[in-house]
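1. next come a sequence and a model predicted from it.
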Amino acid sequence: MKRILITGTNSYVGNSFEKWLKNYPGEYSIDKVSLRNRSWKKKNFSNYDVVLHVAGIAHRKETKQNADLYYRVNRDLALEVAEISKHAGVKHFIFLSSMSVYGTENAVIDKSTPLTPKSNYGKSKLQAEELIGALNEEKYKVAILRPPMIYGANCKGNYTKLAGIAKKSPIFPDIKNKRSMIYVDNLSEFIRLLIDNYNSGLFFPQNSEYVETKEMVSLIAKTHGKNIKLIKLFNPIISMLKISTVNKAFGNLIYEKNMSEYKSNYNIASFNKSIKLTENVESK
């Protein structure tokens, strides 16, 4: 039985992963620890084979006042947890980073794409990657994940905003684009396989299918018995807007498919099925 410690008791990814492992009774034991105060340092890390570090600051408006918080939590705290884990004899450390380390909202990302984060979130995640990655060795393997947008039932972020539009609006812009995304159960299965295979290195898990924003909104609407009309009337205006929220919705941001290849299949839910599961209209 693999003994896994998840850092962060309120993490969407961490809680989803814990729930996912219930599909494999007797194979894994899960504990979680909060990092919100210093009491976590009393935790005996030597009891665990794997530490999954998902605690961090995200989905928060960045200001000058909270800039330092990103580095203290996403970088310094993450490194401290990784160092304590290594010293305690943990064999495997998995760090949840982000596509934000590339600093772009409109690109085809491949293995040669430069790392030029623009936000404090992206910068702090990249600095943490570099520091934690340096701890990797044969007896302490470090895996770093850079997932694209994560979505699933009760998720936060852009998916929730688009789902709200799909349920209320009769129209939506008819714009062609491609986005890399990952359904949270697909991500959970990837992490499970990563643990089983005791892998280290950089990983870029994503759904097997790229997503068109208009297709996703249309599908969400259909799952609720609605038809949404796609129109091109506002396309010229949208294409001129240089607003981050617009770019995230309608820009092209994908990983090359070969970056996400893995020895085992982790895409257990197709895009269509994942939307139905996310909207709670289909049982697992």
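-> Thanks, I have the structure now.

2. how near is the residue of the chain most remote from its centre to E215?
-> Going by Cα atoms, centre = their mean, the residue of the chain most distant from its centre is L233, 33.3 Å out. For L233, the distance to E215 equals 19 Å [Cβ to Cβ, to the nearest Å]. C-beta: built from backbone N, CA, C; applies to glycine.

3. try R36
-> 39 Å.

4. where do the strands sit along the stretch 51-200 of the chain?
-> Using DSSP state E, counting those that start in this stretch, the strands of the stretch 51-200 of the chain run over residues 92-96, 107-109, 141-145, 149-151, 171-173, 181-183.

5. those: which one's closest to K276?
-> strand 181-183 (10.8 Å; Cβ to Cβ).

6. quick one: the residue farthest from the centre of the chain and T116, what's the gap?
-> 35 Å.

7. and if you look at N15?
-> As judged by Cβ to Cβ, N15 and T116 stand 32 Å apart.

8. these two - which one has more neighbours?
-> Between N15 and T116, N15 has the larger neighbour count (other Cβ atoms under 10 Å), namely 17 against 12.

9. what about N247, how many neighbours?
-> Number of residues near N247 (other Cβ under 10 Å) recorded here: 16.

10. so what's the model's average confidence on stretch 274-284?
-> Here stretch 274-284 scores 83 as its mean pLDDT.

11. meant to ask about stretch 260-268
-> 96.

12. any low-confidence regions in the stretch 51-200 of the chain?
-> Within the stretch 51-200 of the chain, the ranges that satisfy pLDDT under 70 run 59.

13. do that again at 90, thanks
-> Across the stretch 51-200 of the chain, the ranges flagged by pLDDT under 90 are 57-66, 105-106, 156-158, 161.

14. ok, which stretches of the stretch 51-200 of the chain are helices?
-> 67-70, 78-87, 120-133, 158-168, 184-197 (DSSP state H, counting those that start in this stretch).

15. would you mind putting those helices into a markdown table with distance to S11 and mean neighbour count alongside?
-> Formatted as a markdown table, those follow (distance: least, Cβ to Cβ, whole Å; neighbours: other Cβ atoms under 10 Å):
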| stretch | distance to S11 | mean neighbour count |
| --- | --- | --- |
| helix 67-70 | 16 | 15 |
| helix 78-87 | 13 | 20 |
| helix 120-133 | 15 | 21 |
| helix 158-168 | 17 | 16 |
| helix 184-197 | 11 | 22 |
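
16. any chance of those in CSV with distance to S98 as columns?
-> What follows is those, written out as CSV (distance: least, Cβ to Cβ, whole Å):
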stretch, distance to S98
helix 67-70, 12
helix 78-87, 12
helix 120-133, 5
helix 158-168, 13
helix 184-197, 12
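
17. for the ones you listed, which one sits closest to G103?
-> Taking these one by one with Cβ to Cβ, helix 120-133 is closest: 5.7 Å.

18. by contact count, what packs against that closest one?
-> Here helix 120-133 touches helix 67-70, helix 78-87, strand 92-96, strand 141-145, going by 3 or more Cβ pairs under 8 Å, 6 or more residues apart in numbering; DSSP states H and E.

19. ok, and what's touching the shortest one?
-> In other words, helix 67-70. Helix 67-70 is contacted by residues 57, 62, 120-121, 123-124 when judged by Cβ atoms under 8 Å, 6 or more residues apart in numbering.
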